[in-house]
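> Build the 3D model from these lines:
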Amino acid sequence: MIFSNISATHNIIQIMSLWMAMKRLTVILCLLFQTICAAAQGSLAKGLNAEQKGLGDLAERYYREAADTNAIARLHLGLLLEGRERYADAGRWLEQADSSATAMAHLAACRAELRQWTAAKQAAEKAIELAVDDDHAVRASAMGTLALVYADEESYTNALHWAREAAKEDPASARVHNVMGVIHFRRGNEQEAIKSFREALKRDPANVDAHFNLGTLYCYRNNYDMAITTIRSGLKQNRRSVKLFYVFGWAYLLKGDNEHAIECLQNVLDLDSTYINAYNRLGDIYFERAEYNQAAEQYRRAIHFGPTRTEAYRLLGRTYAAQEDFGKAIRQYQKAVDIDPKDGDTYCRIAELYARQNQPKREQANYKRAARLGNSQAREWCTKHGVTYQ
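Numbering: from 1, shown residues only. Take a look at the predicted model:
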């Protein structure tokens, strides 16, 4: 009986000791967590101060220091990266932010920039749902994104509906006028698009998207000098804009000034080494010079950073075709139509290559595919050769 009491007492002492140790550990962990939170709060404050002074790199560093434990830091980091046109990285942080209407609206805008339309629509709808009545700018931004989603689907009635709703929410918003310009441009109304883009710049002379879209529109109209003037004006406001440097280079390329084009495109890649279109345009310059190996290398880099985008596959196929390496050319074209089976133009290119290899059955099969997709060249070929394609 005595031994039993001693054993029980010993067990109680052990339990008490363990409890005290756990209590001390809990206190230590709480103090550590408070220290970490305090440090994160300090880094957040430093980041906000740095950003206010225009020190973007320093602000980003401080936000990243705080981001693991501070949702507000994640939000500000996402907003900063969005402003620096690093949309994929921005989206990752905004997804982990505070799930506010602001975070969702900016996440939607980033997803739209990346052409991730389904995700953009979901985030925009969530932002509208979360926004309170006086969050006019947030609601307008999200509605503007919905308008872009529907414009991409060529559902212009819905696109215009949401653009007009956005304008009601925030009539002074440069983004809303820019979105309206995009819709007009996609509908083929270039004059109205120009008015909307200019109105956006009147509201906000530093608006990157309006400069970008207006410069792009002038390129499509073959007015390269006006495009260059427009983009140069935008770069005075946004000296590190990847998008503006890209259109700057594209305008010079279309104008035939390859040296300035290369300089601008290299500026793009210095700012963002993953910018796919810059590699494609550099490849185009080398292709025009018949420097096919260098062109192919640029297109392969574009494919490395954008394996699900079709343009570089088509351009690489064109490069191999110019070298009369038809097998490689067809394989690249085939990769493009595997990604986008509705690409009638590329089926025509494949058909042409089979014709050059004297493979009439495969030539005909690819022209028929293109014709079924509405390609006029393929339909003319089928009609001429008495081939039914329906």
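
> what residues are up against Y333?
313-314, 317, 346, 349-350, 353 (C-beta atoms under 8 Å, 6 or more residues apart in numbering). From N, CA and C alone the C-beta is placed, and that goes for glycine too.

> Would you list the buried entries among those?
Neighbour-count burial (16 or more other C-beta atoms under 10 Å) is assigned, among the contacts of Y333, to 313-314, 317, 346, 349-350, 353.

> out of those, who's nearest K195?
Using C-beta to C-beta, R314 comes nearest to K195 of those, at 34.1 Å.

> Please look at the closest one and R349 and confirm they touch.
Yes. Between R314 and R349 there is a contact under C-beta atoms under 8 Å: 7.4 Å.

> Enumerate every residue touching the nearest residue to D225 once chain neighbours are set aside.
Spatial nearest neighbour of D225, excluding adjacent residues (C-beta to C-beta, 6 or more residues apart in numbering): K255 at 7.7 Å. For K255, the contacting residues are 224-225, 228, by C-beta under 8 Å, 6+ apart.

> Now for those residues, which sits with the most neighbours around it?
Neighbour counts for the contacts of K255 peak at I228, which has 21 neighbours (criterion: other C-beta atoms under 10 Å).

> before we move on, which element is it in?
In this structure, I228 sits in helix 224-237 according to DSSP states H and E.

> so what does that helix touch, helix or strand wise?
If you count contacts as 3 or more C-beta pairs under 8 Å, 6 or more residues apart in numbering; DSSP states H and E, helix 224-237 packs onto helix 208-220, helix 242-255.

> try it again with 10 Å
Judged by 3 or more C-beta pairs under 10 Å, 6 or more residues apart in numbering; DSSP states H and E, helix 224-237 is in contact with helix 190-203, helix 208-220, helix 242-255, helix 258-271.

> what would those helices look like in a markdown table with mean pLDDT?
Below are the helices and strands packed on helix 224-237 laid out as a markdown table (pLDDT from 0 to 100):
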| stretch | mean pLDDT |
| --- | --- |
| helix 190-203 | 97 |
| helix 208-220 | 97 |
| helix 242-255 | 96 |
| helix 258-271 | 96 |
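
> Which one of those lies nearest to A119?
Comparison of those against A119 by C-beta to C-beta identifies helix 208-220 as nearest, at 19.1 Å.

> now that closest one against helix 242-255, angle please.
On the basis of axes from the mean of the first three to the mean of the last three C-alpha atoms, to 10 degrees, helix 208-220 is oriented at 10 degrees to helix 242-255.

> ok, back up a step: tell me which of the contacts of Y333 is nearest to Y389?
Minimum distance to Y389 across those is 15.2 Å, recorded for I350 (C-beta to C-beta).

> State the distance from the closest one to L148.
I350 sits 32 Å away from L148, going by C-beta to C-beta, to the nearest Å.

> Likewise for L265?
Distance check for L265 against L148: by C-beta to C-beta, it reads 26 Å.

> Please apply the same query to H76.
24 Å.

> any idea which residue sits dead centre in this structure?
L114 (2.4 Å; C-alpha atoms, centre = their mean).

> Assess the claim that that one and E82 are in contact.
No. Applying C-beta atoms under 10 Å, one finds L114 not in contact with E82, separated by 11.2 Å.

> can you map out the helices along the stretch 51-200 of the chain?
Per DSSP state H, counting those that start in this stretch, the stretch 51-200 of the chain carries helices over the ranges 56-67, 71-83, 87-95, 101-113, 117-130, 136-152, 156-169, 174-186, 190-203.

> Of those, which is nearest I339?
Nearest to I339, of the helices of the stretch 51-200 of the chain and by C-beta to C-beta, is helix 117-130 at 15.8 Å.

> Can you mark which positions in that closest one are buried?
Judged by neighbour count (16+ other C-beta under 10 Å), helix 117-130 contains these buried residues: 117, 119-128, 130.

> can I get these in JSON lines with pLDDT and distance to V208?
Output for the buried residues of helix 117-130, formatted as JSON lines (pLDDT from 0 to 100; distance: C-beta to C-beta, whole Å):
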{"residue": "W117", "pLDDT": "96", "distance to V208": "21"}
{"residue": "A119", "pLDDT": "97", "distance to V208": "22"}
{"residue": "A120", "pLDDT": "97", "distance to V208": "18"}
{"residue": "K121", "pLDDT": "98", "distance to V208": "23"}
{"residue": "Q122", "pLDDT": "97", "distance to V208": "25"}
{"residue": "A123", "pLDDT": "97", "distance to V208": "20"}
{"residue": "A124", "pLDDT": "97", "distance to V208": "20"}
{"residue": "E125", "pLDDT": "97", "distance to V208": "25"}
{"residue": "K126", "pLDDT": "96", "distance to V208": "25"}
{"residue": "A127", "pLDDT": "96", "distance to V208": "21"}
{"residue": "I128", "pLDDT": "96", "distance to V208": "24"}
{"residue": "L130", "pLDDT": "95", "distance to V208": "26"}
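
> Can you tell me which of those is nearest R187?
Set against R187, the nearest of the buried residues of helix 117-130 by C-beta to C-beta is W117 (18.0 Å).

> quick one, what contacts that closest one?
W117 sits next to 111, 145, 148-153 when contact means C-beta atoms under 10 Å, 6 or more residues apart in numbering.

> before we move on, what about L160?
147, 150-151, 180, 183-184, 187.

> quick one: which of the contacts of W117 has the most company?
Going by other C-beta under 10 Å, T145 tops those with 32 neighbours.

> can you redo the contacts of L160 as TSV with distance to R331 and pLDDT?
Conversion of the contacts of L160 to TSV gives the following (distance: C-beta to C-beta, whole Å; pLDDT from 0 to 100):
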residue	distance to R331	pLDDT
A147	39	98
Y150	36	97
A151	34	97
M180	42	97
I183	38	97
H184	40	97
R187	37	95
